[in-house]
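Trainee: This is a predicted model, with the sequence first.
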Amino acid sequence: MNLIADLWPLALLVLLTTLLTEWATKAGKFPYWIGRKILHFVAVGSCALAVRMTDDLNSLFWLILPVWLLLFYLIATNKLMRDERGRPAWGIVWFPFAYLILLWFYAQEPRWIYLSMLILAISDPLATIFGKLFGKLKYSLSGEPKSLTGNAAFSISCLVILSYSVPYHFEYGFIHDFGLFLYLIVILLTVAEALGSYGSDNLHIPLFAIWLLSDPQDLTMLSPVIVVLMLAIPFIWLTVRSQKLTLGAAITATLLAIIVTFKSGSYLPLLPLIFFFGSSLLLEKIFPTKVLSDSKDRRSRDIMQVMANGGVYGAIFLFLPELTREFIGVSQTGKVAVSLYEAQRESVVLGRFLLGMGLVSLAVATADTWASTIGKRFAKTAFDPFRWQKVPAGLSGGISLPGTLAALLGSVGIASFLYLLLPDWRLIIPHLIMISIAGFGGMLVDSFLGSRLQRQYFYAGRWHDTPPDSGTPGQTRGLSWMTNDVVNLVSIMLVCGTLGLIFLLR
């Protein structure tokens, strides 16, 4: 009851704003995007204020959850706001979902929840407003137009918010060191906002912000990040120039590298990521495909491809316990203090498991990518065990001998990086076997999803993963939204989720 008494004015304000902006946009009183930003400011700002107006964040979570479920239903059934293109406005759904994540994982740190939501409430709409009104230099990294003017508005407002709020929560001895840390946060958040499209930034901006703010590393940990930022310039230039990655994909890959480096304080966890991306590009160069089985074949990899394959690895590092930095740091010497294994054993076990699960995610991605590249290059036909029939080489769900051997080799290749990440060599062999098996099994899960759920088209006498260049296919099968990228992401999440469940029930 106290929670409702504390927060009913905010809830009433959000409800009235929703109804008024919905009516005003449908009546043509002002453009849709203005109504959306007004609602965004009021709703997200109310979420930020709520954590300052109550101490019962656990009850707040259970209060917001049914509201979010109702909002999700209304958007999915087209009973609430639609965007300018007439599609469901999913951006309205993402920010309360992010809020629920923050309340669940950071209930003990309400100040960081407040700041993260405040940045989303103020900086994000300012970027859109200034971009639409004054932005002339436009660009697109992920499909939605952005502007340098909007980026500047986001950066300046974010810097002002953090400058007046964050210093009171940090205990760094030198203001110039704090300034360096603060500018780095603003730069990373601005890049994250630029990569967002069609409301997705409502999800990743607060999550990225609270991760950066709530677990500040020792400033000595910034040196690896700065080195990564310096190397990112030639990396982005080379991969975009050679048309291996789109600009958005190259920037996304750089952010993944920064997340992994910043959280671990070491370059070592970067090596499996580099191995996956580097080996995939190298195999495509050495063994160019003869079969165009996917609409993205022979095209630059985009953001979705990068996130589908490497996003889970980066996300896992967001949740690594602080002890993992020390755990990784001693791996080169092979010596671990007794207290590290005894006094803080649970944290070590969790860190070791998460590192292994991160390698599993890359093992699945590598196995699938190698199998697809080698299979399409050397196999004339493949066999779909889930439909029990021969299929053309390259069709999703098909398995060939060359592709299977390549998948196993790729999975073992990723698992071998345990030698660098695990300090105790006695743990390497059993974990290497388990990660290799999990990676190979993930490739089979990917094949199953590709065979049974991925969208496929029938024309020219056989099934294809891509629609015809002209005309309409004779028939289709699979889910309309289940693309190859979605299959890759779901298969990785299923394997890692299964391992996580086994770990929790152990």
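Mentor: Okay, I see it.

Trainee: is it true that Cys47 touches Ile119?
Mentor: No: counting by Cβ atoms under 8 Å, Cys47 does not reach Ile119; the two are 11.9 Å apart. For glycine as for every other residue, the C-beta is placed from the backbone atoms N, C-alpha and C.

Trainee: Quick check, Met357 in contact with Thr498.
Mentor: No: here Met357 does not reach Thr498: they are 10.2 Å apart, not a contact under Cβ under 8 Å.

Trainee: Strands of the protein, start to end?
Mentor: Secondary structure of the chain (DSSP state E): strands at 138-139, 146-147, 381-384, 389-392, 456-459, 462-464, 475-477.

Trainee: Out of those strands, which is the most enclosed?
Mentor: Among the strands of the chain, strand 146-147 has the highest mean neighbour count (mean count of other Cβ atoms under 10 Å), at a mean of 22.

Trainee: and it, average pLDDT?
Mentor: Across strand 146-147, the average pLDDT comes to 89.

Trainee: Over to stretch 72-82?
Mentor: Taken as a whole, stretch 72-82 has a mean pLDDT of 72.

Trainee: How much space separates the closest residue in space to Gly474 that isn't next to it in sequence from Ser400?
Mentor: Setting aside the residues directly before and after it, Gly474 is nearest to Phe458 in space (Cβ to Cβ, 6 or more residues apart in numbering), at 4.8 Å. Per Cβ to Cβ, to the nearest Å, Phe458 is found 21 Å from Ser400.

Trainee: Can you tell me the closest non-neighbouring residue to Phe386?
Mentor: Closest residue to Phe386 apart from its sequence neighbours, by Cβ to Cβ, 6+ apart: Ser451 at 4.2 Å.

Trainee: er, Pro206 I mean
Mentor: Pro206's closest residue in space is Ser116 (Cβ to Cβ, 6+ apart), at 4.2 Å.

Trainee: residues contacting the one you found?
Mentor: Listed by Cβ atoms under 8 Å, 6 or more residues apart in numbering, the contact partners of Ser116 are Leu102, Ile205, Pro206, Leu207, Ala209, Ile210, Leu213.

Trainee: And the residues you listed, which is closest to Gly442?
Mentor: Of all these, Gly442 sits closest to Leu207, with 24.7 Å by Cβ to Cβ.

Trainee: burial of that closest one, as a residue count?
Mentor: Residues near Leu207, counting by other Cβ atoms under 10 Å, number 19.

Trainee: Now do the residue nearest to Pro206, the pLDDT please.
Mentor: 94.

Trainee: Hmm, Phe386 is touching Phe448, no?
Mentor: Yes: between Phe386 and Phe448 a contact is recorded at 5.3 Å, counting by Cβ under 8 Å.

Trainee: So those two - more neighbours on which side?
Mentor: Between Phe386 and Phe448, counted using other Cβ under 10 Å, Phe448 has the larger neighbour count: 19 against 16.

Trainee: State the distance from the more buried one to Ala379.
Mentor: When Cβ to Cβ is the yardstick, Phe448 and Ala379 sit 19 Å from each other.

Trainee: and what of Phe130?
Mentor: Distance, Phe130 to Ala379, using Cβ to Cβ: 53 Å.

Trainee: what do you get for Tyr457?
Mentor: 21 Å.

Trainee: Kindly report the same for Leu137.
Mentor: Going from Leu137 to Ala379 by Cβ to Cβ gives 47 Å.

Trainee: Which of the two has more residues huddled nearby?
Mentor: More crowded of Leu137 and Ala379, by other Cβ under 10 Å: Ala379, with 21 against 11.
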